[in-house]
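Asks: no FASTA, just this:
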């Protein structure tokens, strides 16, 4: 027992040192999933700092991501430590919990030696080492799954209330860590519940104990899931659309069925560790010493997670405790002492080798070194294994790999934006983007740095932004962007940023001073017919209001697009029939979007248009004192049949 405690403490300290060293050496921005998780933690922590516990709880309940990691990061927020390395230290709590749970499970199912060995192997798996440096829920999900399985085993198939309640609490917390938690925890827990060994307790009492455990889980996780019930219903409703014949055939193909093995190999990073796990499990199955809960945990959970594992191999990280237990039990079951010691040595050497790959910035990767110096036939075999995702130095989809000193310029870009605008002068800047996707240069990371540094920046759609970030990598992207902005938007390249992958990002200032034209049919309305066929209209259709059937009101509203400060002229193309000459045909006005106070307005009389049935253009000049959304209204008064074709807005300086 004392040796197990020493081993667990040493492994925790090793992971802590690895987290600190890796984040000291790595300068890349977070991947998209991690950046979103970091932003959620920042929102929750600042809700507590600004408005107290009530605001924090409200923010946590309404976060789109399960809030357990945000709750665990509170001590860092209270101490003012909100960097990525400080956030990743939360994983140490779950690593300690996993090591204790693995040791207990191994001791209960096999022996104390198996439990200690499994804890060492699990801590050395590259999937665990890599994910421990990221602020992601996989480590927490695996820890709580191991705690739930360990508590279920200690409860003697849910016959003891205290251990069953602990299992329920672990499941509730796990559901607050990840929506996918039950995919990993349900198979082993069902295996334990259905095993039902002879006990002194009646089936009715076991049923009540299971219901108490389920109630504890619902009590903990229920409030958050109730707040997101509509999202869950939408997700369930979208499932039939993904269950097409093609997706079913892909699921049943060899590539689909083998994806858990390839994903597990990706999590273990290198082929030998995968082979060790497979051989250890196979030996236990052949000798009938494999514990059913561990097999259900490893194999059943992997099958349930095939669609997820095909996208992200590290989604299977929560099954690694079962893999380490089966591997340790298989090695310990060998009768030949020399063979057992040799395999133990190989497993630990490979684990240390993997840990070195993931922690140290090696000048030349071992795979490249092997490829350059090995014989030609061996190099071809290594290339085939790399293509099969069984032999590689990193898992790009999960961000697992050696640290790299790469500057993706996101923080520099935001700092330059703040400097170029004179530190914002106390106002909020609007920023949009047109970015070719990249794991490190992504919108989620940009939003995370905005929140982390408290920049006065509001991220909006490109058509409403004062500044736009662009990055093009594929043919046609730049042309598509130019076709989008040239009719109405003027861009000025303020600064260019070379990126490590050879591409270039550009910070552009956007000026909304070009002539813009809107079809009345495309804008909102309160009254009239949205589309009315009309040969005289520019596109064959116009907005129409009948004097007898259409109630007075806004025939055209919007468009809500931003305009820079300046003087503008609005031109409305319209015609009329059956009018009352003494009354206005319509009223045109430009309003403030918030309170609808008119900036400029005029009544349109018959004398302003000319003969009935012919389109004419009516002008209205107005001034925008500051950049703001344009909100125009053309009011149908009910005194004539009115058609509106187009609305054109142009700066007076441009003629």
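Replies: It's in. The shown structure was predicted, so the numbers you read here are calculated from the model rather than taken from an experiment.

Asks: make it CA atoms for all contacts and neighbour counts henceforth
Replies: Will do.

Asks: mind checking how far the closest residue to residue 439 other than its chain neighbours is from residue 84?
Replies: Excluding the flanking residues, the one nearest residue 439 by Cα to Cα, 6 or more residues apart in numbering is residue 31, at 5.6 Å. Noted for residue 31: a distance of 12 Å to residue 84, by Cα to Cα, to the nearest Å.

Asks: Helices of the stretch 201-350 of the chain, start to end?
Replies: 203-227, 229-242, 245-252, 254-257, 259-268, 271-286, 292-295, 301-304, 306-311, 320-332, 337-359 (DSSP state H, counting those that start in this stretch).

Asks: From residue 619, how far off is residue 351?
Replies: 76 Å.

Asks: So which of the two has more stuff around it?
Replies: residue 351 (23 against 16; other Cα atoms under 10 Å).

Asks: So the more buried one sits against residue 122, correct?
Replies: No - using Cα atoms under 8 Å, residue 351 is not in contact with residue 122; the gap is 9.3 Å.

Asks: Sketch out the low-pLDDT regions of the stretch 251-400 of the chain for me.
Replies: 251-274, 306-313, 360-399 (pLDDT under 70).

Asks: let's see 80
Replies: 251-283, 286, 290, 302-316, 334-335, 340, 344, 346-400 (pLDDT under 80).

Asks: before we move on, back to that, of residue 31 and residue 84, which one has the most company?
Replies: A count of neighbours by other Cα under 10 Å puts residue 31 above the other of residue 31 and residue 84, at 21 against 17.

Asks: so what's the backbone phi/psi at the more buried one?
Replies: Residue 31 has phi and psi values of phi -70, psi 170 when expressed as degrees, to the nearest 10.

Asks: Could you do the one 4 residues further on as well?
Replies: Dihedral angles of residue 35 (phi, psi; degrees, to the nearest 10) stand at phi -60, psi -40.

Asks: Could you verify my assumption that it touches residue 445?
Replies: Yes - between residue 35 and residue 445 a contact is recorded at 5.2 Å, counting by Cα under 8 Å.

Asks: hang on, the earlier thing: confidence score at the residue nearest to residue 439?
Replies: Predicted confidence (pLDDT) for residue 31: 86.

Asks: Pretty sure it sits against residue 438.
Replies: No - counting by Cα under 8 Å, residue 31 stays clear of residue 438, with 9.0 Å between them.

Asks: Find the residues that touch each one of those two.
Replies: With Cα atoms under 8 Å, 6 or more residues apart in numbering applied, the contact sets of residue 31 and residue 438 do not overlap.

Asks: Determine the number of other residues adjacent to the closest residue to residue 649 other than its chain neighbours.
Replies: What sits nearest to residue 649 in space, not counting adjacent residues and going by Cα to Cα, 6+ apart, is residue 570, at 4.5 Å. Neighbour count for residue 570, taken as other Cα under 10 Å: 23.

Asks: Pull up the gap between residue 570 and residue 179, please.
Replies: Noted for residue 570: a distance of 52 Å to residue 179, by Cα to Cα.

Asks: tell me the phi and psi of the nearest residue to residue 205 once chain neighbours are set aside?
Replies: Counting by Cα to Cα, 6+ apart, residue 205 lies nearest to residue 159, which is 7.4 Å off, once chain neighbours are set aside. Note on residue 159: its backbone torsions stand at phi -100, psi -20 [degrees, to the nearest 10].

Asks: what about residue 159, how many neighbours?
Replies: 26.

Asks: now swap in residue 338 and tell me
Replies: 10.

Asks: go on, residue 17?
Replies: 12.

Asks: Look at it and give its secondary structure.
Replies: Put simply, residue 17 is helix when judged by DSSP: H, G, I helix; E, B strand; the rest coil.

Asks: Would you mind measuring from it to residue 88?
Replies: 12 Å.

Asks: Also residue 37?
Replies: Counting by Cα to Cα - residue 37 and residue 88 are separated by 11 Å.

Asks: try residue 519
Replies: 52 Å.

Asks: higher neighbour count, those two?
Replies: Neighbours were counted for residue 519 and for residue 88 using other Cα under 10 Å; residue 88 has more, 23 against 18.

Asks: ok, now which ones touch the more buried one?
Replies: Listed by Cα under 8 Å, 6+ apart, the contact set of residue 88 reads 19, 132, 133, 134, 135.
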